[in-house]
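Asks: okay, sequence plus prediction incoming.
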Amino acid sequence: RGLPEATIRDFWRRTYRPANTVIAVAGDLPHKEALDLAATAFGTGNGVVPGFAPAPALPAGERVLVGKRQSSQAQLVVGLPALHRDHPDAWALALLNAVLGDGMSSRLFLSVREELGIAYDISSGLVDYAGALEISAGVDPASLKPALQAILVELARLRDEPIPAVELEKAKRYLSGGLELRMDETRHVASWIGGQEALHDRVLTVDQALERIAAVTATDVQRVAGDLMRDEGLRLTARALERDDDDARYHGRIRVAAGGGSGTTSKGTPGTTGAAPAKAATASTTSAAPAQIAPRSRRNPARCISAA
């Protein structure tokens, strides 16, 4: 609200220029005609393209932010630094996200919403321009703590256990099928080409993208999870009911750690801390003995918390 109109207009004049614009056209239109139409509508010229300040190094900001308001539903977001959009492991990260929380067949949806019944909605997503993985959930305020703990369980599973072949293949079909379906519409073809031209190091064809997805292995996904899922990178934002002790209660609860370990992982052996594999995520509090989140039991899905 405090942003002056002049600042917005100045940004527009400096940034939205022909030299800093990509126009993508898909359809039955000759190339020369497309060029003529673009030149008439937008002009030509190679003015100075403004520079941009680099994004802050992640993780950045407070580890925990809690907004307090009277509401029938609490919202939480768990974030982790991830990979920039042209990183060699970007396709492995995309599959990790698909398995974790992209869609109704993902682990978070099936575990936290369907099996445990403690979230109205839950999903994960990638912010590729900033390089972040985020998990968002809407829950009953009374379920905020168990929902957070269940999320940490699923992060630990990805770090500590290779994805079964059947589940990985399903995620590959989900990503590949979604990409191919989108290409049925010319607007998505234009978006695919133009977005890559504007934002990426190179423009991939759809077939090349499908090959990249197919080439990812379970080892690749677990290695990426081991590199990214570290305690020091975790960030939590929650909007919950007004309570005086909210900040203190949540500062100690965002850990994805091996029992007694620091939560860092060995690059050569993903998911390990020292010599022993990490088998649990830990959620500790400042006023009581820490609670240990054990890997979710298939025979008793609700059994997630045990006293440490």
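Replies: Everything's here; your move.
Asks: for the spatially most central residue of the chain, name its beta-bridge partners.
Replies: With distances taken as C-alpha atoms, centre = their mean, residue 133 lies nearest the centre of the chain, 2.4 Å away. Beta-bridge partners for residue 133, by DSSP bridges, are residue 80, residue 126.
Asks: over to residue 236?
Replies: For residue 236, the beta-bridge partners are residue 64, residue 78 (DSSP bridges).
Asks: my guess is it meets residue 61, correct?
Replies: No: between residue 236 and residue 61 there is no contact under C-beta atoms under 8 Å: 11.2 Å. Glycine gets a C-beta too; all of them are placed from N, C-alpha and C.
Asks: neighbour count for those two, which is higher?
Replies: Each of residue 236 and residue 61 has its neighbours counted (other C-beta atoms under 10 Å); residue 236 has more, 20 against 10.
Asks: quick one: that one from residue 190, how far?
Replies: In this structure, residue 236 and residue 190 are 38 Å apart, going by C-beta to C-beta, to the nearest Å.
Asks: is residue 202 in a helix, a strand, or coil?
Replies: Under DSSP: H, G, I helix; E, B strand; the rest coil, residue 202 falls in the coil class.
Asks: next, count neighbours for it.
Replies: When neighbours are defined as other C-beta under 10 Å, residue 202 has 8 of them.
Asks: so for it, what's the pLDDT?
Replies: Model confidence at residue 202, given as pLDDT, is 91.
Asks: distance of the closest residue in space to it that isn't next to it in sequence from residue 189?
Replies: Take residue 202 and drop its neighbours on the chain: the residue closest to it by C-beta to C-beta, 6 or more residues apart in numbering is residue 196, 7.2 Å away. Using C-beta to C-beta, residue 196 is found at 12 Å from residue 189.
Asks: quick one: the helices in this protein?
Replies: 5-15, 31-42, 90-101, 107-108, 144-160, 165-182, 186-199, 206-215, 218-228, 246-251 (DSSP state H).
Asks: other SSEs contacting the third one?
Replies: To tie it back to what came earlier, the one meant is helix 90-101. helix 107-108, strand 121-127, strand 132-139, helix 144-160, helix 165-182, helix 206-215, helix 218-228 (3 or more C-beta pairs under 8 Å, 6 or more residues apart in numbering; DSSP states H and E).
Asks: name the residues that touch it?
Replies: Outside helix 90-101, the residues within contact range by C-beta atoms under 8 Å, 6 or more residues apart in numbering are 82-84, 87, 106-109, 122-126, 128, 133, 135, 154-155, 158, 163, 167-168, 171-172, 174-175, 212-213, 215-216, 220-221, 223-225, 228.
Asks: just checking the distance from that helix to the centre of its chain.
Replies: Centre-to-centre, helix 90-101 and its host chain are 8 Å apart (C-alpha atoms, centre = their mean, to the nearest Å).
Asks: and the angle from that helix to helix 218-228?
Replies: 80 degrees (axes from the mean of the first three to the mean of the last three C-alpha atoms, to 10 degrees).
Asks: ok, the first one next?
Replies: Taking the same axes, to 10 degrees, helix 5-15 and helix 218-228 form an angle of 140 degrees between their directions.
Asks: helix 5-15 packs against which elements?
Replies: Helix 5-15 packs on no helix or strand, going by 3+ C-beta pairs under 8 Å, 6+ apart.
Asks: quick one: contacts of it?
Replies: So helix 5-15 is contacted by residue 50 (C-beta under 8 Å, 6+ apart).
Asks: pLDDT of that helix, averaged?
Replies: Helix 5-15 comes out at a mean pLDDT of 89.
Asks: once you drop chain neighbours, what's closest to residue 167?
Replies: Using C-beta to C-beta, 6+ apart, the closest residue to residue 167 is residue 99 (6.4 Å).
Asks: roughly how far does that neighbour sit from residue 88?
Replies: For residue 99, the distance to residue 88 - C-beta to C-beta - is 19 Å.
Asks: pick out whichever of these two has more residues nearby.
Replies: residue 99 (27 against 9).
Asks: gap between that one and residue 128?
Replies: Residue 99 is 17 Å from residue 128, by C-beta to C-beta.
Asks: one more: residue 164?
Replies: 27 Å.
Asks: quick one, which of those two is more surrounded?
Replies: Set residue 164 next to residue 128 and count neighbours by other C-beta under 10 Å: residue 128 wins out with 18 against 11.
Asks: list the residues that contact the closest residue to the more buried one other than its chain neighbours.
Replies: Distances taken as C-beta to C-beta, 6+ apart put residue 85 closest to residue 128, at 3.9 Å, once the chain neighbours are dropped. For residue 85, the contact set (C-beta under 8 Å, 6+ apart) comprises 128-129, 131, 199-200.
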